[in-house]
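> Sequence and predicted structure are below.
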Amino acid sequence: MSERLPKWNIGSKYELIRKVGKGTYGSVFEARDTTIGEKIAIKNVKSLFEDEIEAKHMLREICIMRTLDHPNIVKIKDIIIPVDSDSYNNVYIAMEYAEADLKKLCKSPTYLDHSQVRFLIYQAICGCRYMHSANIMHRDIKPANILINSNCSLKICDFGLSRSYRRLNFEEGVENSKREQWDHCVEDDANQRAKKGISRILTGHVVTRWYRAPEVILMEREYGKEMDVWSLGCVFAEMLGMIRENIPQYVERTPLFPGKSCFPLSPDLSTNEMKAGYPCSEFDQLSLIFQIVGTNQDFSFITDPKARRYAEAFPSTPPKDLRENFPAITSSELDLLKKMLSFNPRKRITLDQALNHPYFFPVRDNNYEILAKAPADFVFDGDQEVDLFTLREIFRREVSRYTN
C-alpha cells in the first residue's frame with residue numbers, strides 16, 4: 001500500500017515523493033523539482049511563530065545557510081510561504097537532498113572501510129573549517145546533523161544553535177544564570193531549577209550532551225571553535241565504529257561518551273555519589289570523558305574555581321587505550337582522534353592542523369579546502385528578545401532573497 005502524501009500548499013513546482021524523516025520542527029519529505037527534475041528535500045516547519053525561541057532557531061538557521069556556500073554544507077534551494085503571508089504560520093523549506101544521516105547509518109547494518117571513513121571525516125572537517133572562516137560556530141555537530149550519500153559525499157546541516165563569532169561570549173543574563181547553577185546545584189531540586197528558568201539557560205547552550213566539549217560542560221565564560229573540533233572527534237569515533245573489524249555487530253555500536261546526565265545543567269538527582277560536594281553519577285558526561293581520556297589533565301583553562309574543584313575531585317584514572325574500542329584502528333587514525341579529543345581546548349588540534357595531518361594526504365583536494373570570502377554578518381543573531389511581529393518581518397525579508 002502506497003503512503004498517503006500530505007496536501008502541502010507548495011504549488012505545482014514541487015512534487016512530494018515520500019516521507020524521509022521527522023524532526024523538531026515537522027516532517028521532511030523527499031520531493032522533485034518538476035521544472036528541472038532535481039531531487040530535493042522539503043521540510044514543513046509547523047507553527048513557526050507560536051514559540052519565540054523555536055522561531056529564532058529556524059530564522060538563524062536560514063540566515064546562516066543562506067550565507068555559507070561550501071560543497072560540504074547543505075544549501076537551501078527555496079522557501080515557500082502561503083499566499084496570505086500576513087498571517088502565515090507554516091513554512092516549507094526546500095533543501096539539497098541527501099540519502100541518509102550518520103545517526104541512521106550507525107544504527108543500520110551498513111559498514112564502512114578505512115578509506116571511506118577518511119574521506120567522510122575529511123569532508124566534515126573541510127565544511128566546519130569553512131564555517132569557522134566565516135565566523136560561524138555550529139555548536140551542535142553530531143551524527144544526526146551529518147548527511148551522507150551513497151557516493152560518500154557529506155554535508156553538514158541544522159544550524160539552529162549556531163552563532164557568529166562576534167557573539168563569542170555568553171549573553172550576560174544567561175551567563176549569570178549559569179554561574180548560579182554552581183551555587184545552587186546541591187540544594188535545588190528539579191522543580192526549583194525549572195522555576196529558575198533552566199529552559200532559558202539551555203538556549204545559550206549546546207544541547208546534545210554526548211558531543212559536548214569539556215569547556216562547555218564546565219560552563220566556561222568564553223568558548224570558541226575548539227568546541228566544534230571536539231564534537232567532530234566524537235563523530236569520527238562513531239565513523240570508526242562502523243568499520244567491521246572494529247565492531248563486527250552493528251547493534252553493538254555506541255557513541256564514545258553516551259552520558260545519561262550532565263552536571264550541572266542536567267544532573268542525576270538520584271545519585272548519592274558526590275564530587276567536591278556536587279552530585280555526580282558514574283554515567284555523568286564528564287565522568288565518561290575521564291574514563292576515556294584520563295584525569296591527568298591540564299585544567300588551567302577552567303576559570304571558575306567551583307568548576308575546577310569539581311573537575312579535580314574525580315579519582316585518578318589513566319587514559320584508556322582506544323584500541324580496546326577499535327581493535328583495527330590505524331596509528332594515524334588513533335593519533336588524529338586523540339588530538340581532536342584533547343581535554344584542554346587550548347591544546348586541541350585546530351582544523352588547519354588536522355588537514356595537514358598525514359592521515360589526510362591521500363584525499364586532500366583544493367575544491368573542498370576553500371575558505372569564506374568574507375565573515376558572515378546578518379541582522380538576526382543571538383538570544384536577544386525579539387517580538388513575534390519583528391521575527392515575522394525579518395523572516396519575510398529572508399524569504400524574499402529566494403524569490404525570483
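It's in. Numbering: from 1, shown residues only.
> Quick check: which helices or strands does the longest helix seen in the chain pack against?
With secondary structure taken from DSSP state H, the chain has its longest helix at helix 114-133. If you count contacts as 3 or more Cβ pairs under 8 Å, 6 or more residues apart in numbering; DSSP states H and E, helix 114-133 packs onto strand 154-156, helix 226-240, helix 331-340, helix 351-355. To be clear about C-beta, it is placed using only N, CA and C from the backbone, and glycine gets the same treatment.
> want to throw the ones you listed into TSV with distance to residue 296 and mean neighbour count?
Listed next are these as TSV, based on distance: least, Cβ to Cβ, whole Å; neighbours: other Cβ atoms under 10 Å:
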stretch	distance to residue 296	mean neighbour count
strand 154-156	33	24
helix 226-240	18	24
helix 331-340	14	18
helix 351-355	23	17
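> Dump the ones you listed into a markdown table; add distance to residue 395 and mean pLDDT as well.
Shown next, in a markdown table, are these (distance: least, Cβ to Cβ, whole Å; pLDDT from 0 to 100):
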| stretch | distance to residue 395 | mean pLDDT |
| --- | --- | --- |
| strand 154-156 | 23 | 97 |
| helix 226-240 | 27 | 98 |
| helix 331-340 | 36 | 98 |
| helix 351-355 | 32 | 98 |
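> so which of these comes closest to residue 264?
Closest to residue 264 of the helices and strands packed on helix 114-133, according to Cβ to Cβ: helix 226-240, at 17.4 Å.
> What distance do you get for the residue nearest to the spatial centre of the chain to residue 68?
For the chain, the residue nearest the mean C-alpha position is residue 140 (1.8 Å; Cα atoms, centre = their mean). The gap separating residue 140 from residue 68 is 15 Å, by Cβ to Cβ, to the nearest Å.
> can you check residue 326 too?
Here residue 326 is placed at a distance of 32 Å from residue 68 (Cβ to Cβ).
> in stretch 308-327, what counts as buried?
Within stretch 308-327, the residues scored as buried using 16 or more other Cβ atoms under 10 Å are 308-311, 314, 322, 325-326.
> and if you look at stretch 114-132?
Buried residues in stretch 114-132, defined by neighbour count with 16+ other Cβ under 10 Å: 114, 117-132.
> Run through the residues that contact residue 79.
62, 91-94, 398-399, 402 (Cβ atoms under 8 Å, 6 or more residues apart in numbering).
> Can you select the buried ones from those in PyMOL?
Command for PyMOL that selects the buried part of these, burial taken from 16+ other Cβ under 10 Å:
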select buried, resi 62+91+92+93+94+398+399
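> show me where the stretch 101-250 of the chain has strands.
For the stretch 101-250 of the chain, the strands defined by DSSP state E, counting those that start in this stretch occupy 136-137, 146-148, 154-156, 163-164.
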